[in-house]
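Colleague: structure here, sequence nowhere to be found:
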């Protein structure tokens, strides 16, 4: 039936293939309907009044500008939306480096298949998600800080103490990289939030930052434990590893006394 309708009505596209969905053409209209082109932009809750030519229909409330209805290439609204989408994808593409850049500390310890920077940040975000509630601590902010605290490493990489870079220089490089990433994002409210969250962690200036810094250390020692488990293939390797673990546990126990 769809193919017949398509041939009989020029406002319908050609008959679809068996594995595709069938939709009316965006140009489809009717004398009793308002002609509104489709848009992929999300609708807005802001309202303006648009009156139909059909006297049987009441005034329809919609925000033509914010929803993108009626936008065409060259229209400022259409241009801004396209620019925003382009900037977002550019930013996310840059962040892909966080998935492929391995953590330097594990590389220096000859770990095969070490975790990436993104692996590390993701599990820290999960720690923030499942942690017990603490007085005065904003859980959502902790999650956000965990997700951005190493984001500048997409450009500068994972700088470790073994690299011999002074702390002040490391911070300067990361701040410059973060500025560049926020420019790629196109600035605005989200870029400002990323800057604020990163600086809060860098300066250890809040309860949330304090907690996420602890998560950073806990995630590292948890990852070290996971690398140790099953890594040793000989009896002597296992015995020596057990001795190291025993000494470490004893030292931690003494600190708690």
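Modeller: Arrived safely. In this text, all values refer to a predicted model and were calculated from it rather than measured experimentally.

Colleague: contacting residues around the strand or helix carrying residue 195?
Modeller: Take DSSP states H and E as the rule and residue 195 turns out to sit in helix 188-203. For helix 188-203, contacts defined as Cβ atoms under 8 Å, 6 or more residues apart in numbering pick out 141, 144-145, 148-149, 151-152, 171, 174-175, 178-179, 181-183, 185, 205-206, 208-209, 212-213. Where you see a C-beta, it was placed from the backbone N, CA and C, and this is true even at glycine.

Colleague: what sits against the closest residue to residue 90 other than its chain neighbours?
Modeller: Leaving out its chain neighbours, the residue that sits closest to residue 90 by Cβ to Cβ, 6 or more residues apart in numbering is residue 184, at 5.2 Å. Counting by Cβ under 8 Å, 6+ apart, residue 184 touches 87, 90-91, 94.

Colleague: need the next SSE after the helix or strand hosting residue 154, C-terminal direction.
Modeller: Using DSSP H and E, residue 154 sits within helix 153-156. Using DSSP H and E, the helix or strand that follows helix 153-156 towards the C-terminus is helix 167-185.

Colleague: and residue 121, how far from residue 99?
Modeller: 10 Å (Cβ to Cβ, to the nearest Å).

Colleague: these two: who's more crowded?
Modeller: Counted by other Cβ atoms under 10 Å, residue 121 and residue 99 do not tie: residue 121 has more neighbours, with 21 against 12.

Colleague: now that one, what's its secondary structure?
Modeller: What DSSP: H, G, I helix; E, B strand; the rest coil gives for residue 121 is helix.

Colleague: in contact with it, which residues?
Modeller: By Cβ under 8 Å, 6+ apart, the contact set of residue 121 is 98, 146-151.

Colleague: most neighbours, which of these?
Modeller: residue 146 (27 neighbours).

Colleague: ok, that one - contacts?
Modeller: 121, 124-125, 127-128, 212, 215.

Colleague: same question for residue 117.
Modeller: 98-99, 101-103, 150, 153-154, 158.

Colleague: just those now: which is nearest residue 221?
Modeller: Of all those, the one with the least separation from residue 221 (Cβ to Cβ) is residue 103, at 13.4 Å.

Colleague: the closest one against residue 158, yeah?
Modeller: Yes - with contact defined as Cβ atoms under 8 Å, residue 103 counts as touching residue 158 (5.4 Å).
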